[in-house]
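[1] Sequence and predicted structure are below.
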Amino acid sequence: MNKVLSEDFRVYLEALESLKLDIGVSTDVIGYDANVVDLIPRGREQLRNHRFMFSLGERSNILKEIDQPGLVPCISEANSLKYPYEVIFRSLQKLLMDTASSEYIFIKAFFRDESMFYRVFEGPVAVIDENMKLTLANSHDAICLMLMICITKKHQLVMSNRRLPCLDTYLDKALIYLWPRFKTVFDMYIQSLYQCDAKMLWVDGTHPHHIVRCYMEFTASLIQLNAECGDGQLDMSLKRLRLAVDDLLVRFAEKFATQKLKHLFLLNNCDMAISILKVRFVLSCK
């Protein structure tokens, strides 16, 4: 049974992988050196192409569909559909939860041997574990990683409501994998702000800078997710991000010839930041 389930999950996982929409992969970013990834797009066109890396948008809908049926790969392929990785992740864990729940109840009722369940599911969990480690190592999408953390926490609640402890270890381990990777990628975002060449990115005009807008969308997205399922781990990270954005704004402002233009630039960018945060707050309250 272990081998059968392992193969079933492997086949389903391979089918899901073909539906993945790549966002923030290593080939999409520019490095200042071998250790630092520059996640700042260098122009408005590129900003549009990479908007999913910084803005939550409709990706938050996945948290409202947490217990909906998973993807059916053949139907998605027939319609040429692609999905951000968090959608694939939710579908995979949904299948694992439902399969594990029914098998756990059956084994416990008929064999009265809980340890048998863990022997049966050792293989499927190992397949998912291996895939998660590989995926996380190549992920540079902080929004996706935070959504995966939220999905896992909500799945913990689902299993708790079912009063089934059979996936406690797996779900705890998933969070242990996800948080460090999120913090690593988040640090890359902050490093990209401090290490970017303000002279090269500067645009002669007092209107809000598209790079600052990009990072304010990112900040607003994380604030929304933090309100949804945060546990305090994001608070200090958000403060560090604000300081990095402030530093970049000041470096941009120093390029203007007069104090009046500097102040106008800063005022316009602060007004934009407040507007973005206000809109996100209204959306999060709906």
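    Structure's in. What do you need?
[2] Which residue ranges of the stretch 151-286 of the chain form helices?
    Taking DSSP state H, counting those that start in this stretch as the criterion, the stretch 151-286 of the chain carries its helices at 168-195, 198-201, 210-229, 235-253, 259-285.
[3] Go through stretch 100-117 and flag the buried ones.
    Neighbour counts over stretch 100-117 (16 or more other Cβ atoms under 10 Å) mark 100-101, 103-104, 107, 116-117 as buried. Where C-beta positions appear, they are placed from N, C-alpha and C, glycine not excepted.
[4] Take these and keep only those in strands.
    Using DSSP state E to define strands, no part of these is located there.
[5] picking that back up, and the helices of the stretch 151-286 of the chain, which one is worst for confidence?
    For these, the weakest mean pLDDT is recorded on helix 198-201, namely a mean of 82.
[6] got the buried residues for it?
    Counting neighbours by 16+ other Cβ under 10 Å, helix 198-201 gives 198, 201 as buried.
[7] what distance separates it from the centre of its chain?
    28 Å (Cα atoms, centre = their mean, to the nearest Å).
[8] Nearest to Leu5, out of the helices of the stretch 151-286 of the chain?
    Proximity to Leu5, assessed across the helices of the stretch 151-286 of the chain by Cβ to Cβ, is greatest for helix 168-195 (13.8 Å).
[9] by contact count, what packs against that closest one?
    strand 36-38, helix 122-137, helix 142-161, helix 210-229, helix 235-253 (3 or more Cβ pairs under 8 Å, 6 or more residues apart in numbering; DSSP states H and E).
[10] Can you point out the buried residues in it?
    Buried residues in helix 168-195, counted by 16+ other Cβ under 10 Å: 170-171, 174, 177-178, 181-182, 185-186, 188-193.
[11] what's the angle from that helix to helix 235-253?
    Orientation of helix 168-195 against helix 235-253 (axes from the mean of the first three to the mean of the last three Cα atoms, to 10 degrees) gives an angle of 20 degrees.
[12] List the buried residues in the helix or strand hosting Ser76.
    Assessed by DSSP states H and E, Ser76 sits inside helix 73-78. Using 16+ other Cβ under 10 Å as the test for burial, helix 73-78 gives 73, 76.
[13] cool, stretch 57-77 as well?
    Using 16+ other Cβ under 10 Å as the test for burial, stretch 57-77 gives 59-60, 62-63, 66, 70-71, 73, 76.
[14] got those as TSV, with pLDDT, distance to Val125 and secondary structure columns?
    Converted to TSV, the buried residues of stretch 57-77 look like this (pLDDT from 0 to 100; distance: Cβ to Cβ, whole Å; DSSP: H, G, I helix; E, B strand; the rest coil):
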residue	pLDDT	distance to Val125	secondary structure
Arg59	92	27	helix
Ser60	91	28	helix
Ile62	95	22	helix
Leu63	94	24	helix
Ile66	93	20	coil
Gly70	93	17	coil
Leu71	94	20	coil
Pro73	94	21	helix
Ser76	93	25	helix
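[15] Quick check: the residue nearest the centre of the chain vs Asn61, distance?
    Nearest to the mean C-alpha position of the chain, counting by Cα atoms, centre = their mean, stands Cys144 at 1.7 Å. Distance check for Cys144 against Asn61: by Cβ to Cβ, to the nearest Å, it reads 14 Å.
[16] for Thr169, same thing?
    Between Thr169 and Asn61 the computed distance is 29 Å (Cβ to Cβ).
[17] need the contact list for the closest residue to Asp67 other than its chain neighbours.
    Counting by Cβ to Cβ, 6 or more residues apart in numbering, Val158 is the residue found nearest to Asp67 once chain neighbours are left out, at 6.1 Å. Contacts for Val158 (Cβ atoms under 8 Å, 6 or more residues apart in numbering) come out as 66-67, 97.
[18] Of these, which is the nearest to Val203?
    Among those, and counting by Cβ to Cβ, the member closest to Val203 is Ile66, at 41.1 Å.
[19] ok, back up a step: report the two of the buried residues of stretch 57-77 separated the most.
    Top of the distance list for those (Cβ to Cβ): Ser60 and Pro73, 23.7 Å.
[20] pLDDT weak spots in the stretch 51-200 of the chain?
    Low-confidence segments of the stretch 51-200 of the chain (pLDDT under 70): 51-52.
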